[in-house]
Structures are given as structure tokens and as C-alpha cells.
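1. What shape does this take:
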Amino acid sequence: MYLILALKIFEDDKIAYVFDSSSSMSGTMAAQIKTQLNAVLGTTKPIFQDYLTQQKFTPVSDSIFMNEFNLESIVVFTPSQSGAFEKAATLEKVPDQTASVLASLQNQIPSYFAEVEATRRVVKVPFSDDRIFIFEKVSDETKTRNTVFLVIVRMSEASEMFRAAMSQKMYLISQDGTVLFGPDGMPGKKLQETVTPSFLKGSSAKVAQGAETDKAADGTDLLVSFSKAGFGDLIVVTTVEKEKALGAVQILIRKSLIFFGILISVTIILSLFASSGITQALTQLFNATKKVAEGDFNIRVDVKSTDEVGSLADNFNIMAAEVSRLLDQTAEKARMESELQTAKTVQETLFPETRAKIGPLAIAGYYEPASECGGDWWHYCQIGNKIFLWIGDATGHGAPAALITSAAKSASTIIERLNISPSKALELLNRSIYDVSKGRIMMTFFLASFDLDTGELVYCNASHEAPFLIKKGEGPLKKKDLVPLNEVNNPRLGQARDSVYQQTSIQVDEGDSVFFYTDGIPDIQNPGKEAWGEREFIKALIAANKDYPGVNDSVDRFVVSFQGHRQGATLVDDVTFFVVKREGLN
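-> Numbering: from 1, shown residues only. Model (predicted):
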């Protein structure tokens, strides 16, 4: 009865372990798929924005596209007069390849667009290979015209990982059960042909991660775990045959039977010898536990027996070693956290005072990083009769991005002394960023100089979010009074060492303000993972400045607006903005 009970407990524990390991595997793969696909959209986002702004692919878009080796094509579809989407433009590495691909999908394309209309994002693998088709619907600022971008990207490594899984089978599926990546012969088929898990139907479809026991089509018991990727409707599924997972139980039964047979046969003979050995082993364990209680985790016991006492001694040694390792790891983690805190403190010194008044120009700003160290940076300085206004956003956030902002700050300190135009300043700053990152980390940037005498604002943009000039009118602020400073748009800093930058100018009259910001503001999410979005961002900007307040009130009102949407949720990107206003000398 004891053996049966032990085997039952072992079987339950083994199943729990398999569920835990397979769930961890599916969760890890889901996170990796999400990260890779988000990285693809992060790379193509400037291309989307460039096309929507210019209504064509510019050399900047072509340069970004050609530098991403895993991107095959980007196709733009716009609605025709009949409402159907038609191809408007294409970026491709192999000429005419995309046309043949779309021709082969002409029967499926209408259904894909119907899904895009419903969900805004659709992920497909129509050819059962390593090519992923991402359909992304993007609306213009008025939300009246939709554009669908098709991104074709190769994910060879991810496809190979799903195909080469050995101890368990892994599948990347859509919500309807279609297998996108998986073992040989499965891509393109329905998972329901092999197994029909409950999470693909009913209320369980809303669960993000879980595990269950199901039967395969041939009656085999399977241990199934799943994890939603959080990108489109993608789900990572792992399956393990229950019989194989519990193979160790059968081995345990055979060994236990042999052990009990031998034990019964030689119990009397070994009892006299065993008592001495067991007593000695237990004494060692007792003394060792006292040492552990005193804080000595380097103690080890030397028990060579193969019985339960020997296993206990081995487990004791493992436990002591693990505790010692965890203590060292905890100390190392504390050291790293201390270093990160120090880095955060150092980075905070890169930013200027958040409130300032220089001549007729009032300045107020806000900065909040998404992690200990951020990739955003803003700055202002006076050179002669001009005030220079700096804002930049390095790729990603965290320590690597923080290093780039430090390099930008160091370079700007030298550039300030040269008294040069914004375009020439960005050319020098671009060389500095490129020499530091070698093109691996880039930075969008916007630099403007305000003439204290004339009110002229000369600016140069390196693919950064265009600031808004807020013109003071007779009545409350309207959307038409927001003037985007987007007359020039240049390559990102660090993209190429010899980039040339163009600049332009605009007049800022007394009472006018300029709102500078980074792209982390529209991306602010609430606890339900819902992004604030461009529309709400513009509405909040207008509301905060409807009566043309001072810069301090403008910043405080805007912060209240986005914090009301955020509700304490974790930031997905750094949040940085500042407001300058020409108030006059009084």
C-alpha cells in the first residue's frame, strides 16, 4: 500500500513537473515570438509613418528596409472608391517577387482584409514555410482613411525551433487552430486534426496561459500546455505524450520490486551491519544540520551508502550548495541593482532644470523613464542671443539606450561652444552617435534654435516626432491652431556617418508655444494594455492649452491627462516632453 501511494504521489508530481516545464517552454517561446514580431513592427514603424506623411516610399524608407536582412517585402494597400483595398506601393528586395506572391494568394486576400478590418492586425503563414505575413491597419490622423501595410518577414530560426523540438512537440497556431510553425507536415493544417484542446473553444479561449490533459485523435493521452503570444491571435502550444512523460514511473516500479525482493531476502543478514552505518550517517547529518543552523553553508557530508539515508545525504549536499549559490546570487543581484541605481542617478544629471525663464522664453518639462535607465533626453542652453532646444529618443530603453544619451549629452556640450546652425550641429552629433554605436543603436532627434531678438525658430529634424507650434488666437485653442513642425525630415542619428541634414525656420510670435515630445507618450497603456493613442494625445494637448496658459500649468495639466489614462500601469516606453512659450520680457 505504501508503494502504491508513493507511486501515485510520484506520478502526480511528475505530471505537475511536466506541466510546469512545458508551460515554461511555451511561455518562453510565446515571449520570444512576441519580441521578434514587435521588433519587426518597431523597425517598420518609421517606414509606415514616412509613407503616410509623403504618400510614397522615400529614400529614408528604402534605406531602413534594405538594412533589415530578414524583411522581404512591404506592400501598401489603400481603399479604392468601391471600398476594396488595392495595392498602392511596394518595397521589395527581389524585383517582381511580391507580385507573384500576391497573385498566388488572390483567393485568400479578401478574407485576410476582412480579418484586418475586424482586428487591425492579422498574422498569417500562407505557404507553410518560414515566411510570416503581418497585415497591419493604420489610420491617418483624422481616423477617416485606413491604410493596410503587409510586411513579409522571414523567421527561419523560430521556424526551425518549432520543427526541431524533440522531447515535446511545439506548435505556433492562430486562434482558429491553424498551425503556422510546427513539426514537419503540420504547418498549414489544423491543430484539431491532432488534438482538440478546450482553450480553443468556449470561455477558456480568453485565458492567456494554462495546461490541460487531452486525448489525441488516435486516443493517446497528451499533456497539453499553451501560452498566448500577445501579438495578434498567436498561441504557442506544447504537447507531450503522457506515457512517455511517466516512463520514469515504470522504471521506478521495476526497481522498487527488485529492491523489495532483495530487501526481504537479506534483511536479517544486513540488519546488524546496517544499524552501524545508518547511525554513523545520521550522526554526520545531525552535525551538518547544526553547522547549517549556525550559517555555515559550505559544509558537506560524506555518506557513501545507496539507501534512503545516502539519498538524504546527497540531497542535503545539494541543498547546502544551492543555498550557498542563492546567497551569492542575491549578493550579486543587490550589487547590480545598486549599480543600476547609481547609473540612474548619474543619468538624472544629464537633464536640465525642469522650469526655467530665459529672456522672453519660458520653459517647463517632464521626464519619466520606463526602466531604471532611459533612452530619452532633452536639454536647453543659451548661446549668444539664441536659445537651443534639444530632444532625442534612442532605440529602446535601459542601459544601452542610456549610454547613447550620455554620448549625446557629451557631444552637445562641445557642440554648444561652436555656435553653429541646428543642421550643422546634428551632423556633428550624428558622427558622434555613429562612432559610439557603430549603427547598432540609433537616435531620433529634433534640434531648434530660438532667436531672442526676432522670434525666429530655426529647426532640424532627424526622423523625430514633429513638435507642435501652438498659435495663440482670439478664442479657445482649436486643432487648426496646432502647427506640426514637419517641413524637413532627415535620417536618424547613428544611421550613417556621413548623413547631411537640412533645416528650415518658422516665426514664433509673442504668446505662441511649442510642444516637444517623444513617441512614448501616445504609447502609454492602462492596466488593460490599451494604448492612449494619437487621437487622445491630441485631444489632451488641446485641452491642456485651450486658454493659452503658462508653461508650468500646461505641463501639469497634460501630466494629469495621461496619468488618468495610465492609472499606475507600467510604462512601455520612456515619457518625455517639454513646452516653451514666448512670453515677453516681463
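2. Would you mind listing the buried residues in stretch 214-229?
-> Within stretch 214-229, the residues scored as buried using 16 or more other C-beta atoms under 10 Å are 214, 222-229. C-beta: built from backbone N, CA, C; applies to glycine.
3. All the helices of the stretch 101-250 of the chain, in order from the start?
-> Using DSSP state H, counting those that start in this stretch, the helices of the stretch 101-250 of the chain run over 109-119, 156-164, 242-245, 247-293.
4. same question but for the stretch 401-550 of the chain, I mixed them up
-> 422-437, 533-544.
5. And the stretch 251-400 of the chain, by the same measure?
-> 308-348, 399-416.
6. mind giving me JSON lines with those helices and columns for mean pLDDT?
-> JSON lines is the format used below for those (pLDDT from 0 to 100):
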{"stretch": "helix 308-348", "mean pLDDT": "71"}
{"stretch": "helix 399-416", "mean pLDDT": "83"}
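7. low-confidence ranges in the stretch 201-350 of the chain?
-> Scanning the stretch 201-350 of the chain for pLDDT under 70 picks out the ranges 202-206, 248-249, 270, 272-278, 331, 334-349.
8. if we go to 80?
-> By pLDDT under 80, the low-scoring segments of the stretch 201-350 of the chain are 201-207, 244-257, 268-286, 288, 291-298, 300-313, 316, 320, 323-324, 326-350.
9. contact partners of stretch 239-250?
-> The contact list for stretch 239-250 (C-beta atoms under 8 Å, 6 or more residues apart in numbering) reads 7, 10-11, 14-15, 18, 22, 167-169, 171, 194-195, 213, 216, 220-224.
10. and those residues, which are buried?
-> Listed as buried from the contacts of stretch 239-250 are 7, 11, 14-15, 18, 22, 168-169, 171, 194-195, 222-224; burial here means 16+ other C-beta under 10 Å.
11. wouldn't S423 be in contact with Q503 here?
-> Yes - in this structure, S423 is within contact of Q503 by C-beta atoms under 8 Å, at 3.9 Å.
12. next SSE after the one helix or strand I15 maps to?
-> Using DSSP states H and E, I15 sits in helix 2-54. Next in sequence after helix 2-54, counting helices and strands by DSSP H and E, comes helix 59-67.
13. Which residues are in contact with L389?
-> Neighbour list for L389: 363, 379-380, 447-450, 514, 516, 578, 580 [criterion: C-beta under 8 Å, 6+ apart].
14. Give me the distance between it and Q503.
-> 13 Å (C-beta to C-beta, to the nearest Å).
15. So if we follow the domain assignment, how does this structure break up?
-> Domain ranges of the chain: 2-244, 268-327, 350-582, per automatic domain parsing.
16. Can you tell me which of the ones you listed is packed in deepest?
-> Ranked by mean neighbour count, those are led by domain 350-582 with a mean of 19 (mean count of other C-beta atoms under 10 Å).
17. Quick one: end-to-end distance for that domain.
-> Domain 350-582 has an end-to-end distance of 25 Å (C-alpha to C-alpha, to the nearest Å).
18. likewise stretch 117-134?
-> Chord length of stretch 117-134, first to last residue, is 14 Å (C-alpha to C-alpha).
19. Look up the residues that both of S423 and Q503 are in contact with.
-> With C-beta under 8 Å, 6+ apart, S423 and Q503 have common neighbours C460.
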